[in-house]
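Engineer: sequence plus the predicted model coming up.
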Amino acid sequence: MSGRISEAHHSAAITRVLEIVPHAAAIREHVSEIVASPAFKGSRRGQEFLRHIIEKALKGQFEDLKERTLGVELFGRPPAYDTAEDAVVRVTACDVRKRLTHFYGESESSFEVRIDLPSGSYIPEFRRTASVISDVELVRPAAPKADKAASLHHPNWFPYPYRFLWAAMALALVFCLLVSGGFSFKSPAKRILPWSELLQVDRGVQLVLSDPDIATVQDILATNLSLSDYANHRYLPEHSLSPDMQLALRGYRGDNSASVDTIIALNIADLARPPSQRVKIHTARSMKLPDFKIDDHFILLGSPRSNPWASLFEDQLDFVFEYDQAGNQEIIRNRRPAKGDPPTYIPTAKGGGTGKAYGIVGFVANPGQSGDALLLAGSNAEATEAAGRIATNLKALDDTLRNCGIVSRRASRHFELLLSVTTMAGSPNRFDVVACHALPSPQK
């Protein structure tokens with residue numbers, strides 16, 4: 001077994017994990033039941049392996065769920081060990097798959113969720129095994145405000161252990177409909193830009209995750225990849241690289257996801273309730289140019305260096321990312337500086353460091369289409385996290401836009417925020433909105 005799966009399957013596995021993260025405590029409790037069962041009795045290695053991959057998945061650390069990384073972290077292998085000769089990870093994973101099958105096959109208890117480890121992957125999957133929820137309840141008018149369970153819609157998952165609670169809520173909603181003859185509910189997100197435009201019931205939302213692998217490749221080579229090359233899968237300047245370097249860099253296949261993307265995706269999922277809201281997740285490398293030529297809305301995570309598709313929308317922005325070859329990093333160019341504004345904003349903190357970083361929240365049109373696009377990006381992961389925080393904090397976002405004269409509840413306006421982010425030890429310690437621009441809306 002190679003331990004590799006197709007990008008589509010990898011993306012789907014990550015999507016399913018993102019859906020259950022809000023219910024991590026229940027999943028951990030179920031894992032404790034599994035490892036304490038006769039199926040795993042006497043296999044300390046299998047118990048540790050299962051707990052380890054579950055924890056990594058629940059924390060969104062998908063990049064650590066690779067054969068070599070697991071070999072180093074779990075089994076103490078040296079970083080350069082030969083995975084072809086030492087199959088400890090593959091053998092253990094195979095044993096865990098068999099034990100999971102035995103556990104679910106022999107257990108007399110019925111479980112509402114099943115944990116699987118698909119062949120060829122080290123990313124666990126979580127599937128609903130039974131449901132007493134009717135179709136009417138699944139398309140209930142809206143989740144009550146007190147309902148904190150958030151999920152991206154997927155037919156194989158309905159959050160547990162809240163099944164009976166949600167059923168009671170759905171019945172209460174049906175009762176309200178019958179008594180009052182109607183029921184109207186709008187979540188706060190539906191009244192505040194950009195969510196008032198993005199979360200429309202008649203239009204889908206395409207969430208495009210960043211590609212940290214391509215950012216790493218560019219950092220190693222001290223180069224900048226154009227959108228054209230990325231779209232045409234020309235990721236490496238092969239003629240200028242040694243065969244060994246080409247072989248090493250081909251390992252960055254674009255099937256990793258940044259941890260910060262997981263956090264942002266979960267917050268967006270919470271805003272996108274009810275679950276019938278159509279939100280689909282894609283990796284950047286799985287996208288093609290025609291995929292953007294539809295009338296859905298788009299949310300793109302990451303700057304052009306980690307998500308080159310963001311370049312499709314930069315002509316509408318006042319603050320744009322620009323590659324500085326001397327510093328081998330992205331800086332922010334101010335295309336429309338007001339009096340006293342600097343023409344450029346230069347970060348002093350790279351990923352995981354301490355210093356200053358910059359992020360943007362840009363809400364623009366999708367050129368040539370009727371949909372819009374939300375860009376959440378930073379000069380490093382911490383700044384992207386800050387952009388995601390303010391974009392999904394409805395009160396902070398609404399207050400910020402009001403201070404800029406952009407009144408969300410009156411009219412649709414495109415806008416851009418520039419954030420100054422102070423990072424410390426890899427976290428956004430503090431961030432401030434240093435500029436807010438209303439952007440013209442192009443004719444569609």
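Structural biologist: Good, I have the coordinates.

Engineer: so which residues of this protein form strands?
Structural biologist: 113-116, 125-128, 205-209, 279-283, 297-301, 319-324, 329-334, 344-345, 355-365, 372-378, 414-424, 427-439 (DSSP state E).

Engineer: mean pLDDT and distance to residue 192 added to those strands, as CSV?
Structural biologist: Placement of C-beta: from N, CA and C, glycine included. As requested, the strands of the chain are exported to CSV (pLDDT from 0 to 100; distance: least, Cβ to Cβ, whole Å):
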stretch, mean pLDDT, distance to residue 192
strand 113-116, 84, 34
strand 125-128, 75, 32
strand 205-209, 93, 16
strand 279-283, 86, 18
strand 297-301, 96, 15
strand 319-324, 93, 22
strand 329-334, 92, 25
strand 344-345, 93, 27
strand 355-365, 93, 11
strand 372-378, 96, 13
strand 414-424, 89, 12
strand 427-439, 82, 15
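
Engineer: closest to residue 400 out of these?
Structural biologist: Closest of the strands of the chain to residue 400 is strand 427-439, at 5.5 Å (criterion: Cβ to Cβ).

Engineer: what's the angle from the closest one to strand 319-324?
Structural biologist: 120 degrees (axes from the mean of the first three to the mean of the last three Cα atoms, to 10 degrees).

Engineer: identify each buried residue in strand 427-439, please.
Structural biologist: 428, 431, 433, 435, 436, 437, 439 (16 or more other Cβ atoms under 10 Å).

Engineer: for the stretch 201-350 of the chain, give me the ranges with low pLDDT.
Structural biologist: The stretch 201-350 of the chain contains residues with pLDDT under 70 at 238, 273-277.

Engineer: the same query, at a cut-off of 90, please.
Structural biologist: Applying pLDDT under 90 to the stretch 201-350 of the chain picks out residues 201-204, 213, 216-223, 234-283, 325-329, 336-341, 348-350.

Engineer: just the buried residues of strand 427-439 now: which is nearest residue 416?
Structural biologist: Within the buried residues of strand 427-439, proximity to residue 416 (Cβ to Cβ) peaks at residue 437, which comes in at 5.0 Å.

Engineer: that closest one bridge partners, please.
Structural biologist: residue 416 (DSSP bridges).

Engineer: ok, residue 24 touching residue 60?
Structural biologist: No - applying Cβ atoms under 8 Å as the test, residue 24 and residue 60 come out as separate, 10.7 Å apart.

Engineer: which of the two has more neighbours?
Structural biologist: residue 60 (21 against 14; other Cβ atoms under 10 Å).

Engineer: any idea of the pLDDT on that one?
Structural biologist: pLDDT, residue 60: 73.

Engineer: you'd agree it is up against residue 259?
Structural biologist: Yes - Residue 60 lies in contact with residue 259 (Cβ under 8 Å); the separation is 4.7 Å.

Engineer: could you chop the protein up by domain?
Structural biologist: Taking automatic domain parsing as the criterion, the chain consists of the domains 7-128, 135-185, 195-439.

Engineer: pick the most deeply packed of these.
Structural biologist: domain 195-439 (a mean of 19; mean count of other Cβ atoms under 10 Å).

Engineer: now it, how far from the centre of its chain.
Structural biologist: Here domain 195-439 is found 12 Å from its chain centre; the criterion is Cα atoms, centre = their mean, to the nearest Å.

Engineer: what of stretch 85-102?
Structural biologist: Using Cα atoms, centre = their mean, the offset of stretch 85-102 from its chain centre is 28 Å.

Engineer: what's near enough to touch the closest residue to residue 209 other than its chain neighbours?
Structural biologist: Leaving aside its sequence neighbours, residue 209 sits nearest to residue 261 (Cβ to Cβ, 6 or more residues apart in numbering; 4.7 Å). Listed by Cβ atoms under 8 Å, 6 or more residues apart in numbering, the contact set of residue 261 reads 60, 209, 210, 301, 302.

Engineer: let's see it at 6 Å
Structural biologist: For residue 261, the contact set (Cβ atoms under 6 Å, 6 or more residues apart in numbering) comprises 209, 210, 301.

Engineer: can you check residue 291 too?
Structural biologist: For residue 291, the contact set (Cβ under 6 Å, 6+ apart) is empty.

Engineer: hmm, 8 Å instead?
Structural biologist: Applying Cβ under 8 Å, 6+ apart to residue 291 gives the contacts 206, 282.

Engineer: residue 49 and residue 94 touch, don't they?
Structural biologist: No - the criterion here is Cβ under 8 Å, and residue 49 misses it with residue 94 at 10.7 Å.

Engineer: measure stretch 107-124 end to end?
Structural biologist: End-to-end distance for stretch 107-124: 20 Å, by Cα to Cα, to the nearest Å.

Engineer: close enough to count as contact, residue 118 and residue 125?
Structural biologist: Yes - using Cβ under 8 Å, residue 118 is in contact with residue 125, at 6.1 Å.

Engineer: could you check how far residue 261 is from residue 376?
Structural biologist: 9 Å (Cβ to Cβ, to the nearest Å).

Engineer: which residues are in contact with each of these two?
Structural biologist: The contact lists of residue 261 and residue 376 share 301, 302, where a contact means Cβ under 8 Å, 6+ apart.

Engineer: how about the helices in the stretch 201-350 of the chain?
Structural biologist: Assigned by DSSP state H, counting those that start in this stretch, the stretch 201-350 of the chain shows helices spanning 212-221, 227-231, 243-249, 259-271.

Engineer: can you redo the ones you listed as TSV with distance to residue 195?
Structural biologist: Shown next, in TSV, are the helices of the stretch 201-350 of the chain (distance: least, Cβ to Cβ, whole Å):
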stretch	distance to residue 195
helix 212-221	26
helix 227-231	27
helix 243-249	39
helix 259-271	6
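
Engineer: so for residue 112, which of those helices sits nearest?
Structural biologist: Nearest of the helices of the stretch 201-350 of the chain to residue 112, taken as Cβ to Cβ: helix 259-271 at 20.0 Å.

Engineer: how far off strand 427-439 does the closest one point, in degrees?
Structural biologist: Helix 259-271 runs at 60 degrees relative to strand 427-439, counting by the same axes, to 10 degrees.
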